[in-house]
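K.L.:
From the sequence below, what's the structure:
(one chain, ligands or ions: 1)
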Amino acid sequence: MAKITLEGQEHTYPVIVGTEGEKAIDTRKLRTDTGYITFDEGYGNTGSCQSNITFINGEKGILRYRGYPIDQLASGASFLSCAYLIIYGELPTQDQLDTFRDKVRENANLHEDFKHHFQGFPQNSHPMAVLSSMLNSLGCYYPDMSSNDREKDLANFDTAAALLISKVRTIAAMTYRMHRGMPFVYPRRDLRYVENFLHMMFTEPYNLYEPIPEVTRALDLFLLLHADHEQNCSTSTVRMVASGGANLFASVSAGVCALWGPLHGGANSAVIRMLSDIHASGDDGSRFIEAAKNGKARLMGFGHRVYKNFDPRAKIFATAAEDLLKALGQKDPLLDIAKRLQEAALEDPYFVDRKLYPNVDFYSGIVLRAIGIPVDMYTVMFAIGRMPGWIANWREVTENNKRIYRPRQVYTGPKERTFQPIEERDGHRR
Ligand code: ACO
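P.N.:
As a prediction, the model looks like this:
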């Protein structure tokens, strides 16, 4: 029990303890009892839900999907088996994985009418705007899965989940090709998830894309490491939209919009732009570090609301970037700059005192760059990876939540005043 004393009166509230010993004061009755609400701008101390999906301990740098440590999954599992784990709660048996993979495979294609949607966008539209619109439009082709009737949408959940995991990748590849005025390439039934995506991205009518195992593995790892991350900005958005009863397609489409911002998923492309600018300016990183300390620049890919230690995904990406470049026989000056920035920041009191460490986005762009994915597609790649997490969170809300998400506020605007007709207002032209 927690005791809160307000205006001389003591009130007691239950304490909720999570599986890993996380503690929360249950203040749901606080306003009814006292007239007070809690104020927590940015929600840094607010538990918006109880969830079974992902556990993070930011102080210790721990991330687990359904109890499994991220480093064990990264070395032993594929993206699709992690997607299954995140959505259904258990790692799949071989039969379950085969069935799931078949369902994903048979849903890879888009309705031919979708081409008209792509044609409706200006060619240089941002891929995140296209992706969000397309995911919402996709629901229109599957009215039984996007009915906004919770029972009906849940009854069709398995197909909708596999369909979204599959088609988000097809839409992403088509968006890339639309941007470049290239013909659309259909998915192939004989290819696995990541190979199929690379085929749809890079095959030319006169030049079939040949899978490179190291590239396939690196991209699979990229998606796996992005698959879920508890109550981040985009996942909270998905849950918020779902709480009103909206269908899965609408909810993940909103998630894409939330992910787009540079403080969230948009940071992966911002990191590469930052590293390229540093490289082009001839700086070894030290001038940039000074600018970041003086508030004139932001060290993108550093800092995190939850991690006050290394983001475990950043460590895995740092190794993956080195390994991939070596396997492809490439050198990337941006990796050297990133390593120098990290070294300098980790020794600098400004970053040490504020507990700013590399986050998932610091090295992930170097992996995508080596694969040949263009910078404007990086956040789209993040969205493909995050789809299982959004889907699992949508389901958790839709199955369990009876109340719409609706925070309160502390109003700081004008007090009540009397309406004046326009001719009586100051500055009215006579
Ligand atoms: N570079 C320089 N200073 C920073 C950085 C940074 N990357 N991040 C935080 N700081 C400073 C802030 O200026 C602030 O300093 P002050 O106390 O002197 O005012 C202090 O560290 C605390 O920062 P906040 O902004 O309060 O931290 P918050 O938890 O709100 O923000 C965030 C976290 C948005 C990730 C922030 O660290 C940031 O902007 N990082 C760069 C963008 C980025 O990499 N985003 C990706 C995050 S991971 C993801 O969403 C996938």
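K.L.:
center of this structure, which residue is that?
P.N.:
Note on the chain: the residue nearest the mean C-alpha position is Arg386, at 4.9 Å, using CA atoms, centre = their mean.
K.L.:
Where does it sit, in terms of helix or strand?
P.N.:
If you go by DSSP states H and E, Arg386 is part of helix 378-400.
K.L.:
Any figure for the gap between the residue nearest to the centre of the chain and His199?
P.N.:
Separation of Arg386 from His199 (CB to CB, to the nearest Å) stands at 22 Å. In this view, the C-beta of every residue, glycine as well, is placed from N, C-alpha and C.
K.L.:
for Pro213, same thing?
P.N.:
If you measure Pro213 against His199 using CB to CB, the figure is 14 Å.
K.L.:
Equivalent analysis for Glu106, please.
P.N.:
For Glu106, the distance to His199 - CB to CB - is 17 Å.
K.L.:
Find the residue ranges of the protein scoring beneath the pLDDT cut-off.
P.N.:
428, 430 (pLDDT under 70).
K.L.:
what about Arg369, how many residues close to it?
P.N.:
22 (other CB atoms under 10 Å).
K.L.:
Make sure it is actually in contact with Lys331.
P.N.:
No - at 12.0 Å, Arg369 does not count as touching Lys331 under the criterion of CB atoms under 8 Å.
K.L.:
ok so, going back, so which of Pro213 and His199 has more stuff around it?
P.N.:
Taking neighbours as other CB under 10 Å, Pro213 and His199 compare with His199 leading, 20 against 9.
K.L.:
Now the closest residue to the more buried one other than its chain neighbours: which helix or strand?
P.N.:
Once flanking residues are discounted, His199 sits nearest to Tyr209: 5.0 Å by CB to CB, 6 or more residues apart in numbering. Tyr209 belongs to no helix or strand when assigned by DSSP H and E.
K.L.:
you'd agree Tyr209 is up against Leu198?
P.N.:
Yes - at 5.8 Å, Tyr209 counts as touching Leu198 under the criterion of CB under 8 Å.
K.L.:
out of the two, which sits in the busier spot?
P.N.:
Relative neighbour count places Leu198 above the other of Tyr209 and Leu198, with 22 against 15, counting by other CB under 10 Å.
K.L.:
So which bits of the helix or strand where that one lies are buried?
P.N.:
Using DSSP H and E, Leu198 sits in helix 193-202. Judged by neighbour count using 16 or more other CB atoms under 10 Å, the buried positions of helix 193-202 are Tyr193, Val194, Glu195, Asn196, Phe197, Leu198, His199, Met200, Met201, Phe202.
K.L.:
go on, stretch 22-36?
P.N.:
In stretch 22-36, counting by 16+ other CB under 10 Å, buried: Ala24, Ile25, Thr27, Leu30.
K.L.:
Out of the residues you listed, which is nearest to Pro122?
P.N.:
The closest of the buried residues of stretch 22-36 to Pro122 turns out to be Ala24 (CB to CB; 46.8 Å).
K.L.:
measure the closest residue to the ligand within the chain to Val215 for me?
P.N.:
Residue nearest to the ligand within the chain: Gly303 (2.3 Å; CB to the nearest ligand atom). Using CB to CB, we find Gly303 at a distance of 30 Å from Val215.
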